[in-house]
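Undergrad: here's a sequence, model it:
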Amino acid sequence: MAHKTIDYSKWNNIQDSDDEEDVKPPQKVEKLEVKESIPQPDKPHDAQGSNWNVNNWHWEEKKLDVWGKSRLKDLFLQIKKANVEFEHNGVTLTFSFDITGAKVDGDVWTHIRKGKKIVGYNLECEVQWSGSAGNTDKRHRVTGSLSFEVVVDESDSEFLFTCEPQVVFTSSLKKILVTRVNTTIEKFLKEL
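TA: Next up, the predicted model:
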């Protein structure tokens, strides 16, 4: 069988019909400036059941690790310029401090089953702090850290406290920091 060659030259003479609109040349489009936005992690308020989970009856779990760790760290770092008065050996002293760093690691999740929302968390936290303590006559510049765990089934956490230099009222500083950290944790748990 011989190969037939196809003649495409008939397409070279096609002319536009009068029915078609005049095609405008492409116009220069200004480049729009697009701002990149960082996607926000899932918030726990989004932890309601999925559309397929009618009345939240079936078991469903939602991981909130990214949001939980980020949010708790942000809450710790919001503790700035805190001034607290305390008493030591009958003398009123003040402790002014900032949380200068925070590290949060662990898991945060929600479960939904039979219309009930169950929140869970297991976080290891460390905050670094710095400040000054004393009275108007003598102030001590102090720094340190506070390490602790926040676990769903434990109401009392063990706090590992460091303070440099050691001062006679170190235990009072620890109580103040633990109280402030616990207040922050309570705020975080309410948001879950």
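Undergrad: for the longest helix anywhere in the chain, buried residues please.
TA: Looking across the chain with DSSP state H, the single longest helix is helix 170-191. Buried residues in helix 170-191, counted by 16 or more other CB atoms under 10 Å: 170, 172, 173, 174, 176, 177, 180, 181, 184, 185, 188. All C-beta spots, glycine's among them, are computed from the backbone N, C-alpha and C.
Undergrad: got TSV for those residues, with pLDDT and distance to residue 130 too?
TA: Conversion of the buried residues of helix 170-191 to TSV gives the following (pLDDT from 0 to 100; distance: CB to CB, whole Å):
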residue	pLDDT	distance to residue 130
170	87	15
172	88	17
173	89	12
174	89	15
176	89	14
177	89	11
180	89	14
181	90	15
184	90	17
185	89	21
188	90	23
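Undergrad: from the residues you listed, which two are the most distant?
TA: Farthest pair in these (CB to CB) is 170 and 188. Separation: 26.6 Å.
Undergrad: flag every buried residue along stretch 116-127.
TA: 117, 121, 123, 125, 127.
Undergrad: mind checking the SS state of residue 68?
TA: helix (DSSP: H, G, I helix; E, B strand; the rest coil).
Undergrad: nearest residue to it in space, please, no chain neighbours.
TA: Of all residues not flanking residue 68 in the chain, residue 108 sits nearest, at 3.0 Å (CB to CB, 6 or more residues apart in numbering).
Undergrad: how close does that neighbour get to residue 139?
TA: 39 Å (CB to CB, to the nearest Å).
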